[in-house]
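S.K.: need a 3D model of the following:
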Amino acid sequence: MPAAEESYGVSNVVDNICRLPPDPLAEACQHILIYLQGQTRGVESAEISDGFQRAGVVVNHETLQDIIRFLLLTFRSGGRSNVSADELVSKLEGDSNKWSKASLQVLHSSWSEHGALVHAQQEVQAMLSIGQLVDMQWKLGMAVSSDTCRSLNSPYVTLLLKIVEPSGQICQRSFEMTIPQFQNFHKQFKEMAAVMETV
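M.R.: Numbering: from 1, shown residues only. Purely as a prediction, here's the structure:
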């Protein structure tokens, strides 16, 4: 994206954030910061939208997503760099001269309260750097053709995993296993669960 377009895009998002009253902006920041601390599985844009509507603020879906992405990126970057609230606000002011004093005060206050916890979580995630399993579904089927089954009409299991990646994006992965592979997988899962209960 050319610098002028990128600058215009950031300027637009800053304008939209500055139109928000302090309370719904603080509530949106709270949702995002709680997610970045690892206390929720993801950012629920519907909850943020409901908070805006309760405050009488109407934003379309695309604008809402832009605001959430901007705040996520800002707070995630602040956590990685371990910046203070003053440094965070200074950087925002340096990037755009459109910030309102009220919006910057909300961001300063939110980061003062949660910044250290976000930084700690970022360090843990950097060490682990893996996704989080949030849902697993399976179904039993019958093989009509397969590379791994020796004969047709063999049963197989399809697993569908829903994973939140470190970026916060939810993705799905699916794979098939023969019944013996699935039984081994199940056994390993039970062993992991038993070990985790002792931690």
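
S.K.: just confirm Leu133 is within a strand.
M.R.: Yes: assessed by DSSP: H, G, I helix; E, B strand; the rest coil, Leu133 belongs to a strand.

S.K.: for it, which non-adjacent residue is spatially closest?
M.R.: In this structure, Leu133 finds its nearest non-sequential neighbour in Ile163, 5.8 Å apart by CB to CB, 6 or more residues apart in numbering. (Each C-beta comes from the backbone N, C-alpha and C, glycine too.)

S.K.: shaky segments in the chain?
M.R.: Low-confidence segments of the chain (pLDDT under 70): 1-8, 125-130, 143, 145-152, 166-167, 199.

S.K.: list the buried residues of the top helix by length along the chain.
M.R.: For the chain, the longest helix by residue count, based on DSSP state H, is helix 101-128. When burial is assessed from 16 or more other CB atoms under 10 Å, helix 101-128 yields the following buried residues: 103-104, 106-108, 110-111, 114-115, 117-119, 121-122, 125.

S.K.: what does stretch 14-29 give?
M.R.: For stretch 14-29, by 16+ other CB under 10 Å, it's Val14, Asn16, Ile17, Cys18, Leu20, Pro24, Leu25, Ala26, Glu27, Ala28, Cys29.

S.K.: name the element the third one belongs to?
M.R.: Assigned by DSSP states H and E, Ile17 belongs to helix 3-18.
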